[in-house]
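Novice: model this:
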Amino acid sequence: MDVAVIGAGVIGAAVANKLAERGMDVVLLEAQKRPCTGISSRNSGVIHSGLYYHPNSLKARSCIRGQALLYEWCERFQVPHRRTGKLIVGDVDALEELWSHAIENGAKGCRLLGAGRLLALEPSLGGHSAALFCGFSGIGQNILAADGVTFAIQGAFSRRAIIGLGAS
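Specialist: The predicted structure follows:
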């Protein structure tokens, strides 16, 4: 054995999977009876756009890169997901600052909308003078994503790892 990974949540499973793909002998240990049944199964499923973080910060770069990887991963393991986009309404100065962050961070599909375009897109938002639309925000089905991780574990680890599940 080369590596022991403790915790078969989304992060632990992904790390173990990547190590196994690189030819390492991996042991993935999990206290529960199934992978991804703890905190990993309780997230919101939101696929973030990366516009809220301080420009060029590690968090911003990680979010932008993670978004692309998450969409690829959902496709690869047939996890239901949608690029829904999101509308952010607020005062124009705040929206322009967010838009600036989005541009600096490399967030895709973000643009400022005036009142007319906003009303055409979402009639219930009449009365707002502007919005920021981020087209690459989305949602994935987190419970099914956990099952996708389980599927990935079974495939990658069939020859290279031992999975210890459950305390008993």
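
Novice: what bridges to the residue nearest the centre of the chain?
Specialist: For the chain, the residue nearest the mean C-alpha position is residue 47 (4.3 Å; C-alpha atoms, centre = their mean). Listed beta-bridge partners, residue 47: residue 138 (assigned using DSSP bridges).

Novice: contacting residues around it?
Specialist: By C-beta atoms under 8 Å, 6 or more residues apart in numbering, the contact set of residue 47 is 67, 70, 71, 81, 83, 136, 137, 138, 139, 140. Every residue, glycine included, has its C-beta placed from N, CA and C.

Novice: Ok, residue 113 next?
Specialist: By C-beta under 8 Å, 6+ apart, the contact list for residue 113 reads 87, 121, 130, 131, 132, 133.

Novice: Is residue 108 in contact with residue 135, as I believe?
Specialist: Yes - the criterion here is C-beta atoms under 8 Å, and residue 108 meets it with residue 135 at 7.1 Å.

Novice: Max pairwise distance over the contacts of residue 47: which two?
Specialist: 136 and 140 (12.9 Å; C-beta to C-beta).

Novice: show me the contacts for the nearest residue in space to residue 85 that is not next to it in sequence.
Specialist: Of all residues not flanking residue 85 in the chain, residue 135 sits nearest, at 4.4 Å (C-beta to C-beta, 6 or more residues apart in numbering). By C-beta under 8 Å, 6+ apart, residue 135 lies in contact with 83, 85, 108, 109, 110, 111.

Novice: Please report the distance of residue 135 from residue 77.
Specialist: Residue 135 is 23 Å from residue 77, where distance means C-beta to C-beta, to the nearest Å.

Novice: For residue 51, see how far away the residue lying closest to residue 129 once chain neighbours are set aside is.
Specialist: Counting by C-beta to C-beta, 6+ apart, residue 129 lies nearest to residue 115, which is 5.0 Å off, once chain neighbours are set aside. Applying C-beta to C-beta, the value for residue 115 to residue 51 is 21 Å.
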